[in-house]
Structures are given as structure tokens and as C-alpha cells.
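Novice: starting from these lines, generate the structure:
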Amino acid sequence: MNYTDYVRDPGRDCAIVAHRGIWRDAPENSLVAIEAAIHAGCDVVEVDVRRSADGGLFLLHDKTLQRMAGIDEAPEAITSARLASLALKNRDGGEQNEMTSEKLPSLRHLFELTRDRIFLHLDVKDRAIIPEVIACARDMGVEAQVDFWGNLRSAEDLAWIRETVSPHGVLFMAKSRIGATHAEAELDLLFQLSPDVCEVCFDHIEDIAALHARARQTGMALWANTLDSVAFAGFTDTAAMQDPGAIWGRLIEAGISLIQTDEPVALKSYLASRRG
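Specialist: Predicted coordinates for the structure are as follows:
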């Protein structure tokens with residue numbers, strides 16, 4: 001399985017990206033949530049990566065363990081052994097969700113589970129540790145099955161990507177703003193880099209179509225989030241559940257070919273309906 005070849009395939013369907021796995025009945029970023037995404041037929045699963053005090057790599061979104069494990073401490077201040085022993089709260093955590101028997105997973109355990117089964121979007125919360133994450137992926141032979149993400153807003157960002165990520169030949173996704181003040185400068189940086197995939201931040205869906213026409217010349221795929229908390233211009237999961245064609249359908253027609261969602265099963269059903 002080669003993620004870059006998959007992304008660049010012009011004949012593929014829109015990719016379903018499961019945000020932190022399928023977590024409605026499992027802790028987010030847990031192995032069971034990720035297994036559920038695989039079982040549901042998702043193409044990519046997004047996970048969040050942080051570092052322990054002694055260099056271990058673990059799956060956690062927040063800066064502290066409060067929401068998911070009930071411990072108001074940063075993972076970076078805790079040893080790998082202790083992190084691996086921590087149980088996770090169900091779903092998206094917090095006081096409203098009960099504790100489960102699922103443990104905080106390490107990145108190595110994730111790679112063991114997902115190897116040759118699903119692609120991984122790695123949201124590394126501190127980009128300074130991306131080289132360590134790349135090294136772990138290479139050590140476990142999954143470097144062709146993962147992507148890395150980062151903002152591309154300045155010449156410094158471009159230089160960092162070229163120096164830190166590009167030499168390793170792993171898939172990189174740039175996040176760029178389109179159709180807004182100063183967007184032209186960001187687009188110039190984007191096409192200097194010409195990554196295989198770009199996450200778009202937009203105010204108007206027409207801006208996506210305009211970018212897609214230009215991106216096709218380089219083979220660049222476009223990715224959008226419909227997560228309620230970060231979606232743009234009202235293109236949210238909540239709206240998609242009411243009218244998937246008006247949200248997911250319009251994004252696809254504008255040129256989006258990867259959609260990250262908290263409703264991957266519904267997106268899969270919608271894509272099947274489009275195929276008729």
C-alpha cells in the first residue's frame with residue numbers, strides 16, 4: 001500500500017477520513033476506534049500524536065490528559081510506562097463519559113494494528129517531534145502508509161518543510177488559506193512546494209473550484225474538513241447529516257477528493273448513493 005500513489009490516483013472515489021477513528025462507542029484515538037474505522041471501510045484514519053517525558057510516542061489530542069483520562073497532567077511530563085497504563089474515557093471523554101478498559105495507545109501499537117490495512121493522517125501536535133515520528137514509521141516499515149500535516153503560511157514554514165520533511169520522501173499535506181486577504185501569498189508558497197495534497201481553508205466554495213483547476217496541473221489533491229468545530233463556510237457534519245448532497249456533494253463537485261469527518265459511516269453511505 002502506497003499512500004502517495006493512492007492520493008494521486010485520478011480515478012479513485014472521494015476518500016473517507018475518520019477523525020480520531022469511529023469514536024461514538026469507543027474512546028477517540030483508541031485502537032478499538034481505529035479498528036472500527038478499518039472495519040467500516042474508511043480509507044484514512046486521523047490520529048493525534050504527542051511525546052512522553054522519556055521519548056515515547058502516544059495518541060492524544062489535548063495538551064493534558066484531563067478530558068480523556070481524568071488526569072490534569074501533560075503527557076510530555078509523564079513516562080511511557082505510566083502513559084501506557086492509563087485507561088481512557090469513552091467517546092470524547094469528559095465528565096459525561098465513563099471510564100473504559102481501553103488504554104492510551106502508543107504509536108508503535110497503532111502501526112502494528114494498521115499496517116497494510118488503512119492509511120494514517122498523523123496530526124503531530126508539536127512539529128519539532130515530526131522527525132522522531134518519521135523515524136518510528138520507517139523503523140516499522142509503514143512510512144509509505146502515513147502522511148504528515150503542517151501550516152504553509154510563511155517562507156519559514158516552506159523552508160522547514162523542505163528541510164525537515166521533504167528529504168524523507170513521506171507524504172506531506174500543506175494547510176493553506178484560499179480566497180481571503182493575503183491568500184495569494186500563501187498560494188504562491190503552496191505552488192512553490194506543490195505537495196501531493198493540500199487541506200483548504202475557504203470562505204466561499206467557488207474558491208475551491210478555482211484552486212482545483214490550477215491544482216490539477218500538478219496532480220495536487222484537495223482535502224476538506226467537515227468537522228463541526230473547524231469546518232468553513234457552514235460546510236459541517238451537522239449540516240451534512242441533514243443534506244449530504246448540499247455539503248459533501250458540493251465539496252466533491254468543487255474538486256475536494258478527501259473529506260475528514262466525524263460521520264464516516266454516513267459519508268460512506270452517501271458516496272455509495274452517488275455511484276448509484
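
Novice: quick one: the strands in the stretch 151-276 of the chain?
Specialist: Using DSSP state E, counting those that start in this stretch, the strands of the stretch 151-276 of the chain run over residues 171-177, 197-201, 221-225, 256-261.

Novice: ok, the closest residue to residue 263 other than its chain neighbours - contacts?
Specialist: Among residues not flanking residue 263 along the chain, residue 237 sits closest, at 4.8 Å (C-beta to C-beta, 6 or more residues apart in numbering). Every C-beta, even on glycine, is put in place using the N, C-alpha and C of the backbone. Residue 237 makes contact with 226-228, 231, 261-263 under the criterion C-beta atoms under 8 Å, 6 or more residues apart in numbering.

Novice: now the two most distant members of these.
Specialist: Greatest spacing in the contacts of residue 237, by C-beta to C-beta: 231 and 263 (11.8 Å).

Novice: neighbour count winner among those two?
Specialist: residue 263 (25 against 20; other C-beta atoms under 10 Å).

Novice: in the stretch 1-150 of the chain, which spans are helices?
Specialist: Taking DSSP state H, counting those that start in this stretch to define them, one finds helices in the stretch 1-150 of the chain at 3-8, 31-39, 66-69, 80-85, 107-114, 130-139.

Novice: the longest one vs strand 171-177, what angle?
Specialist: Using axes from the mean of the first three to the mean of the last three C-alpha atoms, to 10 degrees, one finds that helix 130-139 and strand 171-177 are set 150 degrees apart in direction.

Novice: in helix 130-139, what counts as buried?
Specialist: Across helix 130-139, burial judged by 16 or more other C-beta atoms under 10 Å covers 130, 132-134, 136-137.

Novice: circling back to that earlier point, could you dump the strands of the stretch 151-276 of the chain to TSV with distance to residue 87, mean neighbour count and mean pLDDT?
Specialist: Shown next, in TSV, are those (distance: least, C-beta to C-beta, whole Å; neighbours: other C-beta atoms under 10 Å; pLDDT from 0 to 100):
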stretch	distance to residue 87	mean neighbour count	mean pLDDT
strand 171-177	32	23	95
strand 197-201	32	24	96
strand 221-225	29	25	98
strand 256-261	27	25	98
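
Novice: rebuild those as a markdown table, extending it with distance to residue 120.
Specialist: Conversion of the strands of the stretch 151-276 of the chain to a markdown table gives the following (distance: least, C-beta to C-beta, whole Å):
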| stretch | distance to residue 120 |
| --- | --- |
| strand 171-177 | 10 |
| strand 197-201 | 13 |
| strand 221-225 | 14 |
| strand 256-261 | 13 |
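
Novice: residue 25: which of those strands is closest?
Specialist: Across the strands of the stretch 151-276 of the chain, residue 25 has its closest neighbour in strand 256-261 (16.6 Å, C-beta to C-beta).

Novice: re earlier: residue 146: which of the strands of the stretch 151-276 of the chain is closest?
Specialist: Across these, closest to residue 146 is strand 171-177 (C-beta to C-beta), at 7.0 Å.
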